[in-house]
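Q: After the sequence you'll find the predicted model.
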Amino acid sequence: MRKSQIVIIDDHELLRRGFIGALGNAWTVAGQAADIAEAKKIFGNLAKPPDLVVLDIALRGGDWGLNLIPWLEEVYGMAAPPVLVYTVYADYAHVRAAVSVGARGYVSKDEGFPVLEEAMRMLMRGRTHINPNLLFKLAAVPDMISGLTKREKEIFLLVQQGRDNKHIAQQLALVPRTVECYLNRIY
């Protein structure tokens, strides 16, 4: 039986090493990276997309890991690998941001390896996985966007897509400081 190939993207080398050691024989690590530039190099060197990507949100150098998901979909199209977000963030805003850009699973690092491994298996079977406690947080929060102005909604949606302040400012013909002011009001 062919081992499933995964790519691990996390800024902590010790976590990546421990994760790789815990995977056992069912998985082959096709690559590992600490930031988006390294990750893009790995994907560029693969003959075909991996079966799964395990991605942290906060990466080395301040990279926003969720920015990689739309890039994967752009590069691979329908063959884009499913992405499982594995992160310390366990709040609704991060879960919502991850799901909105295409993550198929979300596991908090405090949930332990058995939960992570089960989520990986679920994504490999074409399913999704978000811890019920995190889903509850999503459902318990009213739709925040309904109370925002038109410009605030535009900025909020761009942030959910993983865009940084500089990109948002360029796209909306604003200066970055104005974007920061809008974000302060939104928060």
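A: That came through, no problem. Numbers count the residues shown, from 1 in each chain.

Q: So residue 86: helix, strand or coil?
A: Using DSSP: H, G, I helix; E, B strand; the rest coil as the criterion, the local structure at residue 86 reads strand.

Q: looking at it, it is touching residue 9, isn't it?
A: No: using CB atoms under 8 Å, residue 86 is not in contact with residue 9; the gap is 9.3 Å. Backbone N, C-alpha and C define where each C-beta goes, glycine included.

Q: hey, what's in contact with both of these two?
A: Common contacts of residue 86 and residue 9 (CB atoms under 8 Å, 6 or more residues apart in numbering): 54, 55, 56.

Q: and which of those is nearest to residue 74?
A: Distance ranking of these against residue 74, using CB to CB, places residue 55 first at 15.7 Å.

Q: Show the contacting residues for residue 81.
A: Counting by CB under 8 Å, 6+ apart, residue 81 has contacts 7, 49, 50, 51, 52, 53, 72.

Q: returning to that earlier point: rebuild the shared contacts of residue 86 and residue 9 as a markdown table, extending it with neighbour count, pLDDT and secondary structure.
A: As requested, the shared contacts of residue 86 and residue 9 are arranged in a markdown table below (neighbours: other CB atoms under 10 Å; pLDDT from 0 to 100; DSSP: H, G, I helix; E, B strand; the rest coil):
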| residue | neighbour count | pLDDT | secondary structure |
| --- | --- | --- | --- |
| 54 | 25 | 97 | strand |
| 55 | 26 | 97 | strand |
| 56 | 23 | 96 | coil |
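
Q: got JSON lines for those, with distance to residue 164 too?
A: Listed next are these as JSON lines, based on distance: CB to CB, whole Å:
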{"residue": "54", "distance to residue 164": "23"}
{"residue": "55", "distance to residue 164": "17"}
{"residue": "56", "distance to residue 164": "17"}
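
Q: between those residues, which is closest to residue 177?
A: Among the shared contacts of residue 86 and residue 9, and counting by CB to CB, the member closest to residue 177 is residue 56, at 29.0 Å.

Q: my guess is that closest one contacts residue 10, does it?
A: Yes: counting by CB under 8 Å, residue 10 is a contact partner of residue 56 at 4.2 Å.

Q: Mind listing the shared neighbours of those two?
A: With CB under 8 Å, 6+ apart, residue 56 and residue 10 have common neighbours residue 86.

Q: isn't residue 88 right up against residue 110?
A: Yes: using CB under 8 Å, residue 88 makes contact with residue 110 at a distance of 7.4 Å.

Q: residue nearest the centroid of the protein?
A: Ranked by distance to the mean C-alpha position of the chain (CA atoms, centre = their mean), the top residue is residue 66 at 3.8 Å.

Q: Tell me the confidence at residue 160?
A: Looking at residue 160, its pLDDT stands at 71.
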